[in-house]
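Enquirer: coordinates for the following, if possible.
(12 chains)
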There are 12 protein chains.
Amino acid sequence: MSDHHVYKKVEIVGSSRKSIENAIENALEECSKSIRNLEWFEVLETRGHIEDGRVGHYQVVLKVGFRIMNS
Amino acid sequence: MSDHHVYKKVEIVGSSRKSIENAIENALEECSKSIRNLEWFEVLETRGHIEDGRVGHYQVVLKVGFRIMNS
Amino acid sequence: MSDHHVYKKVEIVGSSRKSIENAIENALEECSKSIRNLEWFEVLETRGHIEDGRVGHYQVVLKVGFRIMNS
Amino acid sequence: MSDHHVYKKVEIVGSSRKSIENAIENALEECSKSIRNLEWFEVLETRGHIEDGRVGHYQVVLKVGFRIMNS
Amino acid sequence: MSDHHVYKKVEIVGSSRKSIENAIENALEECSKSIRNLEWFEVLETRGHIEDGRVGHYQVVLKVGFRIMNS
Amino acid sequence: MSDHHVYKKVEIVGSSRKSIENAIENALEECSKSIRNLEWFEVLETRGHIEDGRVGHYQVVLKVGFRIMNS
Amino acid sequence: MSDHHVYKKVEIVGSSRKSIENAIENALEECSKSIRNLEWFEVLETRGHIEDGRVGHYQVVLKVGFRIMNS
Amino acid sequence: MSDHHVYKKVEIVGSSRKSIENAIENALEECSKSIRNLEWFEVLETRGHIEDGRVGHYQVVLKVGFRIMNS
Amino acid sequence: MSDHHVYKKVEIVGSSRKSIENAIENALEECSKSIRNLEWFEVLETRGHIEDGRVGHYQVVLKVGFRIMNS
Amino acid sequence: MSDHHVYKKVEIVGSSRKSIENAIENALEECSKSIRNLEWFEVLETRGHIEDGRVGHYQVVLKVGFRIMNS
Amino acid sequence: MSDHHVYKKVEIVGSSRKSIENAIENALEECSKSIRNLEWFEVLETRGHIEDGRVGHYQVVLKVGFRIMNS
Amino acid sequence: MSDHHVYKKVEIVGSSRKSIENAIENALEECSKSIRNLEWFEVLETRGHIEDGRVGHYQVVLKVGFRIMNS
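Expert: Modelled structure (predicted):
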C-alpha cells in the first residue's frame, strides 16, 4: 500500500432558496452522485440572485476535494 | 430596444443578531427602498461584533448589482 | 487615561456539525475562556469535512480581535 | 482655487455582443448620461454569457473615476 | 422539478493569433464539443507568446460554467 | 427602534501636496459635504504624481462607510 | 492543422513524506495515468500534516495543464 | 550556537488621533511591554474612525515579527 | 551549452486609442527596440482615460519576459 | 466529549542554510517546544537572504495549526 | 508625433527614520538620479525595522512609472 | 554617510531539472553576473514543464532586491 495519497479538486456551484448551508448540501449531494471519496470542501464565493428585493437563491461556489482511487 | 444592458454595483453592509442570511436580507431590504431592479449580490466579507464572548451582531459586506433603467 | 487603544488579533478555527454560525460561536466560546475583552471577528475561510457525501463538519477560520488591557 | 481634487469611483458593468471594447464603451456611454467629469476607468473583471456554445454577451466590470465638481 | 440547480466550472486556455475575443471563442468552441449546457465564462488571465517582437498568440485562461444535467 | 443598522460604502480619492494624512482629510471633507453619518474609512491604495523627481501630489484611494438614515 | 491549441487545467494535490519536489512528482505520476499531453504545472499551495512535532507529509496543491487532443 | 533563527509574528492594531506613524509607534510601544526582540513590522491595513466628518482615529493593522529566544 | 535558462521580466504600460490588443502591440514594439529575446507577456491591468464620455486611450499594464543572453 | 474541536493558528518564520524543507522543519521544531498538538502547517511565503550572490538562508513563513486542549 | 506613449515601471524600496512620506521622497530622489520622466508612484508595501521597541526605519516598497523617451 | 538606503527589485525566473532550490540558485547566479549588492529574494511563483509525465524543469519566479550603490 502506498504511503501517500493523491487528491483532485473540482469546482461546483450549489444553490438554494433557504440558506448558505443548504446550497452547500445541494452541491455536495449532486457531486456525490458521480464522484466517490469526497473528503473536504472550501467555500470560494457566496453570492445570490435577488427577487423582489429579497434573496431569491443563495449561490455558493465550492472547491470539493476527493481522493483518487488506489492512490 | 437595446440589445445590451448596463448594471451598477453598490457596496452595503447589513447586520443581524440572528444569522448571516438575516444580515444579507436586512441589507437587501434597506437597499430596495431606494433602488429598483436589484438583480444579484456578492458577499465580500463576513464579520461581526462580540458581546460577552458571543456573537453580538453578524456584519456582512455585500456588493449589490442592479440594472440601470432604460439601459 | 489613554486617548488610544491597542488591539491584538488571533486566528482560530471553530467547527460545528450544524451550521456556519454555530462554528463561529464554538470558536468564540473557546476563545473567551482564555482571553478577555473580545471585540470583533472576521471570517477568513469557510470550509468543511465531507462524510458520506454530506457535510460532516463546517470549519470556519476566524481572526478575533481583543483590546489589550490597560492600553 | 483649490490645489487638490477629490474623485469618486463607481462600479458599473457594461455588456456587448461584439467585443470587450464595445462593452466598455457601452458602460461609459450609460455612465456619462448621469455623471460629468468622467476621467478614467479600470477593468475589474471580464466575463460573459454563453449561447449555443459561443459568446452571447461580453460583460465587463469597471470602476469609473470622476472628479467631484468644485473640489 | 427541482427548485435549484448545480453548476460545475472547468478551467480552459484558448489561444488565437488574432485577438483576445477570438481566443475566448476558440476555447468555448472546443469546450462545447464535450460539454453541454455551457452557461457563462470568467476570464482569469490574459497572456501570450511573443514572436519577432510582436504578439504571436494571445492566450486567455477561462473558467467556464455549465449546468449539471437533471440537477 | 431597529436592532440592526445598514451601512453603505463609497469609494473616493483624496489628494494633497503635503502628506498621506492630509489627502485622507481632504477626501473626508469633500465627502462630508454631501453625506451625513460618515463612520469609518479604509485605505485601499496610496499613490501619487511625481513632479521634478519629487512627490507632486499624494493620492489616497479610500472606502468611506456611512450609516443609512433610519436604518 | 489548426493554428491554435486549447488547453485544460485540473487541480490536484500530491503528498510525500520526503520533500516538496517528491509530492509534485507523486501528483504528476497519478495524473499521467489518466491524462495524456500533460504540459505544465503551477504550485498553488504548499502545506502539510505534522506528526510528533515534525513534518508528516508535505501536501502540494497544483494546477496541471494539458493540451486537448486534436485541438 | 545555532546557525539559524526562528521568528514569530503577531498581529496588532495601533491607533492614534495624530498620524499613521503615531499609530504604528503606539502599537509597537504596547507590544514591547510583553515581547522582547521585536525586529520588524509590516503594515496590513490602514483605516480609521470618522468623527464630525474628520479623522477621529487612525487605526493601523500590523504584523510584528520577533526572534524566539535561544533559537 | 547550459541545460537551463534564466529569464527576466519587466513591467511596461502600452496605450492605444483603438483597442486593447493594439495597446499590447504598442508596448511590445517599444520594448523590442531595446530588449532582445522577448518571449511572453502577461496582462496585469487594463484601464484607460475617458474623453467626452468615451474611451480616450486604453492603457494595458504588462509584464514582459525575455531570456537572458547566454543563460 | 465534545463533538467539535477548536484550533488556533500561529505564524512563524523558520530559516535554514540548506533547503526550504529544512527551514520548515526548523520552524516546527522550535514551535513544538512550547505548543502541543501541532496538526498542520501552511506555507505563506518563501524568501531568503543572499550572500556573495548565493542563497545565504532560506526563510519560510508558515502558519501552524494546533488543537486547543480539551476543546 | 505619436498619439500614444509607452511607460515602464520599476520597483524600489525607500527608507527613512522619520516618516512614510520621507521614505517615499528618498526613493524618488535616488530614482531620479538615473531615470528621467518619472510620472507616478504606487505604494505596494509599508514596513520597517524595529530598534529598542520603536520604529528604526520605515521601508516603503514603491512601483515608479516613467515615460520611455520618444515613445 | 547617509542614514538610509534605497533598494531596487528585479523579477527573474530561474529553472532547473533538479529542484526548486537549484532553480533559485541558478537565477541568483545569473543575476549576480550583472548586479552587485544582491541582498534578498522573494519567491512569487513555483511552476514547471512536464516531460513524459514527470517534472522536466522547475521554474521559480523571484523578486531579487539589491542596494543601489552609494545610496
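Enquirer: going by C-alpha atoms from here, please, whenever you check contacts or count neighbours.
Expert: Will do.
Enquirer: so who does residue A:54 touch?
Expert: By CA atoms under 8 Å, 6 or more residues apart in numbering or on different chains, the residues touching residue A:54 are B:25, B:28-29.
Enquirer: ok, now how distant is it from residue K:50?
Expert: Taken as CA to CA, to the nearest Å, the spacing of residue A:54 relative to residue K:50 amounts to 51 Å.
Enquirer: by neighbour count, which of the contacts of residue A:54 wins?
Expert: When neighbours are counted by other CA atoms under 10 Å in any protein chain shown, residue B:28 leads the contacts of residue A:54 with 26 neighbours.
Enquirer: would you say it is within a helix?
Expert: Yes - assignment of residue B:28 by DSSP: H, G, I helix; E, B strand; the rest coil places it within a helix.
Enquirer: what's the pLDDT at it?
Expert: As predicted, residue B:28 sits at a pLDDT of 98.
Enquirer: for residue B:15, see how far away it is.
Expert: When CA to CA is the yardstick, residue B:28 and residue B:15 sit 11 Å from each other.
Enquirer: cool, and residue A:70?
Expert: 47 Å.
Enquirer: neighbour count winner among the two?
Expert: Counting neighbours by other CA under 10 Å for residue A:70 and for residue B:15 shows that residue B:15 has the greater number, 29 against 9.
Enquirer: isn't the more buried one up against residue B:56?
Expert: No - here residue B:15 does not reach residue B:56: they are 9.8 Å apart, not a contact under CA atoms under 8 Å.
Enquirer: mind listing the helices for chain A?
Expert: In order along the chain, chain A carries the following helices (DSSP state H): A:20-34.
Enquirer: contacts only, for the nearest residue to residue A:14 once chain neighbours are set aside.
Expert: Leaving aside its chain neighbours, residue A:14 sits nearest to residue A:27 (4.2 Å; criterion: CA to CA, 6 or more residues apart in numbering or on different chains). Each residue near residue A:27 by CA under 8 Å, 6+ apart is listed here: A:12-15, E:6.
Enquirer: and which of those residues is nearest residue B:60?
Expert: The shortest approach to residue B:60 among the contacts of residue A:27 belongs to residue A:15, at 18.9 Å (CA to CA).
Enquirer: show me what the closest one is bridged to.
Expert: Counting by DSSP bridges, residue A:15 forms beta bridges with residue A:59.
Enquirer: centre of the chain to stretch A:20-32, how far?
Expert: Taking CA atoms, centre = their mean, to the nearest Å, one finds the center of stretch A:20-32 at 6 Å from the center of the full chain.
Enquirer: using PDB, list the CA coordinates for it.
Expert: Included here for stretch A:20-32 are C-alpha records, laid out as PDB according to Å, rounded to 0.1, in the frame of the first residue of the first chain:
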ATOM      1  CA  ILE A  20     -26.000  29.100   2.600                       C
ATOM      2  CA  GLU A  21     -25.600  25.700   4.300                       C
ATOM      3  CA  ASN A  22     -28.400  24.300   2.200                       C
ATOM      4  CA  ALA A  23     -26.700  25.500  -1.000                       C
ATOM      5  CA  ILE A  24     -23.500  23.700   0.100                       C
ATOM      6  CA  GLU A  25     -25.500  20.500   0.900                       C
ATOM      7  CA  ASN A  26     -27.200  20.600  -2.500                       C
ATOM      8  CA  ALA A  27     -23.800  20.900  -4.300                       C
ATOM      9  CA  LEU A  28     -22.400  18.000  -2.300                       C
ATOM     10  CA  GLU A  29     -25.400  15.900  -3.000                       C
ATOM     11  CA  GLU A  30     -25.100  16.300  -6.700                       C
ATOM     12  CA  CYS A  31     -21.400  15.900  -6.600                       C
ATOM     13  CA  SER A  32     -21.600  12.600  -4.700                       C
END
